[in-house]
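> using only what follows, build the 3D model:
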Amino acid sequence: MNDLLSYTLTVFTGFFAIMNPIANTPIFLGLVDNVKPEHRAKIARTACLVAFIIVVSFIFLGKYIFELFDITIPAFKITGGILVFYVGFEMLMSKKSKVQNADTADDDKGIAISPLAIPILAGPGTIVTAMNFVTKAEYIHIGIVIATFAFIILLTYIAFVLSERIMKIIGQNMIDVIGKIMGLIIAIIGTGMILEGIKLSFNL
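This next block holds a predicted model:
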């Protein structure tokens, strides 16, 4: 039971760090700045739903993707770890990750799909993190990953809907601090994936 609780906390920390609903709030506000208030909730709902479907699809199809392209677990963990580390490093350097975020959108049409769902919520970093948690995992662990990700998506939706209030209460400076802390956590997770891949490669 303690192992499952520890696993759940690890999964939650990983997803929360890579998606960071609080840090994504100003990005959402910037994208929907010219959108009518009554339409913002619909955009947030669509973006979160699409992101959930995309990531869960990769969780279930990950094994077959590995077999189709002959991808080994060690290679995936090392490459994925480098990618996740890069995302965290850019956040630490106060940059918007080029692989996780998009800066602008031409208009509000399709904002929910791109760039909100892809790549801001369901970017490469999120997909790699999800697939890393379920490689060689039992069904109960896969269920935990999906349930935890669904909870993070729910938090993200709430953050988007209450984005204006959150910005007024927390402020941009505190959001920047949270982003840096999350960046450090992401970089550590990426390093752990790389070390795990090296251990598997050399049977250490």
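
> by contact count, what packs against the helix or strand hosting F28?
Element membership of F28, judged by DSSP states H and E, is helix 21-31. Here helix 21-31 touches helix 139-161, helix 163-170, helix 172-201, going by 3 or more CB pairs under 8 Å, 6 or more residues apart in numbering; DSSP states H and E. The C-beta positions use only the backbone N, C-alpha and C, and glycine is treated the same way.

> which SSE is immediately downstream of it?
Trace forward from helix 21-31 with DSSP H and E and the next one is helix 37-68.

> what packs against that next one?
Using 3+ CB pairs under 8 Å, 6+ apart: helix 37-68 touches helix 124-134, helix 139-161.

> what's the least confident stretch among the ones you listed?
Lowest mean pLDDT within the helices and strands packed on helix 37-68: helix 124-134, at a mean of 86.

> and for it, what's in contact with it?
11, 14-15, 18-19, 51, 54-55, 58-59, 62, 76-77, 80, 83-84, 87, 97, 99-100, 141-142, 145, 149, 186, 189, 193 (CB atoms under 8 Å, 6 or more residues apart in numbering).

> show the buried residues in the residues you listed.
Buried members of the contacts of helix 124-134, scored by 16 or more other CB atoms under 10 Å, are 11, 14-15, 18-19, 51, 54-55, 58-59, 62, 76-77, 80, 83-84, 87, 97, 100, 141-142, 145, 149, 186, 189, 193.

> circling back to that earlier point, right, and the helices and strands packed on helix 37-68 - which one's nearest K180?
Ranking these by proximity to K180 (CB to CB) places helix 124-134 first, at 16.2 Å.

> what's the angle from the closest one to helix 172-201?
50 degrees (axes from the mean of the first three to the mean of the last three CA atoms, to 10 degrees).

> any idea how far the nearest residue to V32 once chain neighbours are set aside is from H141?
Spatial nearest neighbour of V32, excluding adjacent residues (CB to CB, 6 or more residues apart in numbering): R40 at 5.0 Å. R40 sits 35 Å away from H141, going by CB to CB, to the nearest Å.
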